[in-house]
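> let me see the structure of the following:
(2 chains)
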Amino acid sequence: MRCKYCNVEIESKTKICPLCHEKLEDIDESLPLAYPEKKSKRHVHRHFTLGKIYTFVSLIVFLLSLTVNYLTDKSVLWCYIVGAMLLYGLILIKNTILSRNSVGIKVLVQTVSIFLLFVVIETVSATTSSHWALNYAMPIIHIVSTIVLTVLVACSISKNRNNLISVMAFSFLGFLPIVLYLATNIVTVLWPAIATCVLSVIAILSTVIFGHNELKNEFKRKFHI
Amino acid sequence: MANKLTKWLRLDNSAKIYPMLISKKSMNMFRLSAELDEAVDKDVLQEALKLTISRFPSFNVKLMKGIFWYYYEENTAKPFVVEESDVILDKITFQNNKGFNFRVGYFNNRITVDFFHAIADGSGGMEFLKSLLYTYLNLRGDDVLSEQKVITVNTPIDGEEIEDSFLKYYKHKKMSELPIKDMKGAECYKIDGILYNNNGKGLIEANFEAKKLLDVCHERGCTVTEFLGGLLLYSIFMTKMQGKPTASEMQLFCPINLRKIFPSRTLRNFSLFSRVNCSANRELTLDMCIDDMKESLERDLEKEYLSNKISTTVRAEKLFIMRITPLFLKQAIFNIANKFFGKPKTATFSNLGIAQLPESMAKHVKRIGFVLNTKKDNPSNMAVVTYNGRLNISFSRSIMDNDIERFFVKYLTEKLGISVEVRSNFWEVDNAL
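Now for the predicted structure:
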């Protein structure tokens, strides 16, 4: 086919000239398409994503809780527990379920979030005198998280060599309860702190003994300057 | 994977910038394609890709974040082929692409490979495409030979293929000796137009006999690159500036393949840009534009000057403060600097040169294509590759109007008498088919 205005040969299926867009006279239907046909409807912008819907519903629920709480019995401000739980849900969706972060980061974010959620519940429910969030919740969450992370890394060690540093960092965090017990009077119960400490030592030793080379390589990769 | 070379790789000097430039809608990409004598068989292509990738350790990678720099890690996933999208050079979403930094597509007779620029430049990408074609044709049942022009799955892996050649040719020099000023961006004319939605791109391809253009270039005493670059500048002046002198200066970015000057077998990035300045405050003619191209390229292709440029880019990477700045901070500083001090380009023009295939393969490969990506601040680009005696020009654009392309092609046909074949993806109109 030829465009008489542009003086060019057209080598693909079309009714108009690619340059001047004038109608062509001798249309050759047998010519192949040069490129995939433009889809009539392309997705422009997603207004209703899971994250957006969740955020919107959460704000409404929190606002309602706040109103009901302040209009009725104000002795326990339970609306903040609702708010904290909704916020935790958001973190769970965005940073754990939908995120591309490594397992190490996900477990770390979850651990910190659950711990902070318990601190809010402890504070609001006026049970701070027992410090149960620090005495029991923090060590137990840490123990569970360390076991989960270690198992996940051990199971995927041949494929994913990027979480040994996370295991190490996490294990070192396990010394925090015992440090707080010895240095301050915030943590007052010894056995959960000792249990966390022992588990951390086991995690560190197993990582160093079984994953020595992997750990060294991961360190080189992650920290190369 | 058979080799231990790709357990992890530092990004090469030139690649370090590309991950930082990834935006929500785009990334620095280019496309290489080959059109065959028969419709592409998806299953055969899939098998060919699986075999080819095992020979190219620097392509079989996924991009990872370190504390201070990005790095590449061996990708243990299986690469896959997809039908070409209607959007040219659509952004590669790594998580949907199994982490791979390239995408192999097919459409009718064509095999396309879209590359994220951090893994390779045009020359490296071409070697990958040739190898993929070789494997594909053999699997399809054509007895093709490599004739030592193509890397095959049986060619032993050479360490030089994955080296960072910038480091090889780096010479430590005093800061005062380095051409830092020349490498800084400057204000220039930016092509205006209505941008497409959804990262869509218009693409017009012009194909014609290379010999005819070569004769014209000989008459004028210039190279094909100088002529085409000059004609592009002239087309921008005549269409976007209506042929009237203005205060602005046009800047054309032309990649220089450093392998031609500094011997290297690397398949990774080893190119630098030459910035061609063309002042539009005068009644420009094509000859003036060609002269500007010639002047800039002659200066920028000088070995000592290029060596200093290599040293400058490597020196920047080696600065202690740069090395110890955490990646998130580098990214934040880069984003701010780019937003407030980033300079647009008028256009990018890349000439990949002549693509050569062994005779037994050339029988089955009808055409080779090369397309550059465009962005909001760089909306119109031109890429050229010559194959089988024919020159293929791809004009890619993010803006709706195609005045520049129309003027350019008309000049070839009407003024030079060259017979040109064109085709388009018709992104600017509906119902073209």
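> so what's whichever residue of chain A sits closest to chain B up against?
Closest contact between chain A and chain B, by C-beta to the nearest C-beta, is at A:P18 (3.3 Å). For glycine as for every other residue, the C-beta is placed from the backbone atoms N, C-alpha and C. Listed by C-beta atoms under 8 Å, 6 or more residues apart in numbering or on different chains, the contact set of A:P18 reads A:I10, B:I204, B:N402, B:V422, B:R423, B:S424, B:F426.
> per-residue confidence for the residue nearest to B:K65 when sequence neighbours are not counted?
Closest residue to B:K65 apart from its sequence neighbours, by C-beta to C-beta, 6 or more residues apart in numbering or on different chains: B:L327 at 6.1 Å. B:L327 carries a pLDDT value of 94.
> if I read this right, B:L327 contacts B:G66, doesn't it?
Yes. Taking contacts as C-beta atoms under 8 Å, B:L327 lies within contact range of B:G66: 6.5 Å.
> quote the end-to-end distance of stretch B:89-106.
Using C-alpha to C-alpha, to the nearest Å, the end-to-end distance of stretch B:89-106 comes to 13 Å.
> that one close to chain A?
Yes. Shown here: stretch B:89-106 in contact with chain A (C-beta under 8 Å from any C-beta of the partner chain) through B:Q95.
> return the distance of the residue nearest to the spatial centre of chain A relative to B:D37.
Residue closest to the mean C-alpha point of chain A, counted by C-alpha atoms, centre = their mean, is A:N95 at 1.8 Å. Separation of A:N95 from B:D37 (C-beta to C-beta, to the nearest Å): 51 Å.
> what do you get for A:T96?
51 Å.
> of those two, who's got more company?
Just comparing A:T96 and B:D37: by other C-beta atoms under 10 Å in any protein chain shown the higher neighbour count belongs to A:T96, 16 against 11.
> please tell me the pLDDT value assigned to that one.
86.
> correct me if wrong: it contacts A:I105.
No. Between A:T96 and A:I105 there is no contact under C-beta under 8 Å: 9.4 Å.
> ok, B:I418 - contacts?
B:F208, B:E209, B:K212, B:L213, B:L412.
> packing partners of whichever strand or helix holds A:N69?
Per DSSP states H and E, A:N69 falls inside helix A:50-71. Other helices and strands packing on helix A:50-71, by 3 or more C-beta pairs under 8 Å, 6 or more residues apart in numbering or on different chains; DSSP states H and E, are helix A:78-91.
> got the contact list for the helix it packs on?
Under C-beta under 8 Å, 6+ apart, the answer for helix A:78-91 is A:51, A:54-55, A:58, A:61-62, A:65-66, A:68-70, A:109-110, A:113-114, A:116-117, A:120-121, A:124-125.
> at 10 Å what do you get?
A:51, A:54-55, A:57-59, A:61-70, A:77, A:97, A:99, A:109-110, A:112-114, A:116-121, A:123-125 (C-beta atoms under 10 Å, 6 or more residues apart in numbering or on different chains).
> ok, then the element right after that helix?
Next element after helix A:78-91 (DSSP H and E): helix A:103-124.
> hmm, that following helix touching chain B?
No. Judged by C-beta under 10 Å from any C-beta of the partner chain, helix A:103-124 stays clear of chain B, getting no closer than 10.6 Å.
> coming back round to it: tell me the two of the contacts of A:P18 that are most distant?
A:I10 and B:N402 (14.1 Å; C-beta to C-beta).
> re the thing from before, contact partners for the residue nearest to B:K65?
B:L327 neighbours (C-beta under 10 Å, 6+ apart): B:P19, B:M20, B:K65, B:G66, B:I67, B:F68, B:W69, B:Y70.
> ok, of these, which one's closest to B:F80?
Checking the contacts of B:L327 one by one against B:F80 (C-beta to C-beta), the nearest turns out to be B:P19, at 22.5 Å.
> name the nearest residue to that closest one, sequence neighbours excluded.
Using C-beta to C-beta, 6+ apart and skipping the chain neighbours, the partner closest in space to B:P19 is B:Y70 (4.8 Å).
> so what's the residue nearest to the centre of chain A up against?
Taking C-beta under 10 Å, 6+ apart as the test, what A:N95 contacts is A:N101, A:I105, A:K106, A:L108, A:V109, A:Q110, A:S113.
> switch these over to CSV; also include distance to A:V151.
Listed next are the contacts of A:N95 as CSV, based on distance: C-beta to C-beta, whole Å:
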residue, distance to A:V151
A:N101, 18
A:I105, 17
A:K106, 14
A:L108, 16
A:V109, 18
A:Q110, 15
A:S113, 20
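> circling back: against A:K38, how distant is the closest residue to the residue of chain A closest to chain B other than its chain neighbours?
Closest residue to A:P18 apart from its sequence neighbours, by C-beta to C-beta, 6+ apart: B:S424 at 3.3 Å. The gap separating B:S424 from A:K38 is 11 Å, by C-beta to C-beta.
> what is in contact with the two at once?
B:A432.
> which one of those two is surrounded by more residues?
B:S424 (26 against 18).
> pretty sure the more buried one contacts A:C20?
No. At 11.4 Å, B:S424 and A:C20 do not qualify as touching, with contact defined as C-beta atoms under 10 Å.
> list residues touching both of the two?
Counting by C-beta under 10 Å, 6+ apart, the shared contacts of B:S424 and A:C20 are B:N402.
> can you list the buried residues in stretch A:163-176?
Neighbour-count burial for stretch A:163-176 flags A:N163, A:L164, A:I165, A:S166, A:V167, A:M168, A:F170, A:S171, A:L173, A:G174, A:L176 (criterion: 16 or more other C-beta atoms under 10 Å in any protein chain shown).
> and it, what's its mean pLDDT?
86.
> return the distance of B:A206 relative to B:I418.
According to C-beta to C-beta, B:A206 and B:I418 sit 9 Å apart.
> quick revisit: filter the contacts of B:L327 down to the buried ones and hand me the PyMOL line.
Selecting the buried subset of these in PyMOL, with 16+ other C-beta under 10 Å as the burial test, is done by:
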select buried, chain B and resi 19+66+68+69+70
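> any chance of the contacts of B:L327 in a markdown table, with distance to B:R220 and pLDDT too?
Shown next, in a markdown table, are the contacts of B:L327 (distance: C-beta to C-beta, whole Å; pLDDT from 0 to 100):
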| residue | distance to B:R220 | pLDDT |
| --- | --- | --- |
| B:P19 | 41 | 95 |
| B:M20 | 41 | 94 |
| B:K65 | 50 | 90 |
| B:G66 | 50 | 91 |
| B:I67 | 54 | 91 |
| B:F68 | 50 | 95 |
| B:W69 | 46 | 95 |
| B:Y70 | 44 | 95 |
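> format the contacts of B:L327 as CSV; extra columns: secondary structure.
Rendered in CSV, the data for the contacts of B:L327 read as follows (DSSP: H, G, I helix; E, B strand; the rest coil):
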residue, secondary structure
B:P19, helix
B:M20, helix
B:K65, strand
B:G66, coil
B:I67, coil
B:F68, coil
B:W69, coil
B:Y70, strand
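> could you export the contacts of B:L327 as CSV, including distance to B:V276?
Putting these into CSV (distance: C-beta to C-beta, whole Å) gives the following:
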residue, distance to B:V276
B:P19, 27
B:M20, 25
B:K65, 36
B:G66, 36
B:I67, 39
B:F68, 35
B:W69, 31
B:Y70, 30
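> any idea how many residues pack against the residue of the stretch 201-350 of chain B found nearest chain A?
Nearest residue of the stretch 201-350 of chain B to chain A, counting by C-beta to the nearest C-beta: B:R323, 4.1 Å away. Other residues near B:R323 number 13, with proximity taken as other C-beta under 10 Å.
> the one 5 residues further on too?
Taking other C-beta under 10 Å as the neighbour definition, B:F328 ends up with a count of 10.
> quick check: which element contains it?
helix B:327-341.
> give me the mean pLDDT for the next helix or strand after that helix.
As assigned by DSSP H and E, the chain's next helix or strand after helix B:327-341 is strand B:347-354. Mean per-residue pLDDT for strand B:347-354: 96.
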